[in-house]
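**Student:** need coordinates for the below:
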Amino acid sequence: MSYKTDKAKTIDTVVTADGSSDSQVTVIVPPKRFYGSVKLDALRLRRDVGQIADEVVQHLSSLVDAEVEITLELHVTVPEGLSENVIRTVSENCRVLKFSNQGFEQE
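**Tutor:** Next comes the predicted model:
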């Protein structure tokens with residue numbers, strides 16, 4: 001297996017299909033959640049997101065009853081400060097794109 005787990009469950013008695021029984025059977029419980037984060041290059045964002053979608057998200061979202069949540073988080077620092085035009089444009093675009101949280105800070 002390619003994942004690490006220390007989740008093992010010991011079952012005292014197991015009755016098999018043929019009616020025989022065995023005691024102290026240990027069953028490995030597979031993980032039920034996945035999480036991951038990765039830094040992306042802003043200049044290669046489209047390529048990198050596409051690769052993540054193809055190579056990771058697709059495998060997980062195709063599982064029966066899988067609930068996949070993807071969050072994009074941005075942190076931008078501009079040493080000289082942001083112009084009113086950029087603030088207005090970005091704020092409007094975030095509103096239209098239904099960002100759940102966004103803002104500008106002095107520091």
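**Student:** which residues in the chain form helices?
**Tutor:** 45-52, 58-61, 84-96 (DSSP state H).
**Student:** need these in a markdown table with mean neighbour count, distance to residue 105 and mean pLDDT, can you?
**Tutor:** Just so you know, the C-beta spots here come from the backbone N, C-alpha and C atoms, and that holds for glycine as well. A markdown table is the format used below for the helices of the chain (neighbours: other Cβ atoms under 10 Å; distance: least, Cβ to Cβ, whole Å; pLDDT from 0 to 100):
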| stretch | mean neighbour count | distance to residue 105 | mean pLDDT |
| --- | --- | --- | --- |
| helix 45-52 | 12 | 23 | 97 |
| helix 58-61 | 12 | 34 | 97 |
| helix 84-96 | 11 | 12 | 98 |
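**Student:** what's the weakest-modelled helix or strand in this protein?
**Tutor:** When each helix and strand of the chain is scored by mean pLDDT, DSSP states H and E, strand 8-15 comes last, with a mean of 58.
**Student:** what's near enough to touch residue 97?
**Tutor:** When contacts are counted by Cβ atoms under 8 Å, 6 or more residues apart in numbering, residue 97 touches no other residue.
**Student:** circling back to that earlier point, can I get the helices of the chain in a markdown table with distance to residue 106?
**Tutor:** Formatted as a markdown table, these follow (distance: least, Cβ to Cβ, whole Å):
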| stretch | distance to residue 106 |
| --- | --- |
| helix 45-52 | 26 |
| helix 58-61 | 39 |
| helix 84-96 | 12 |
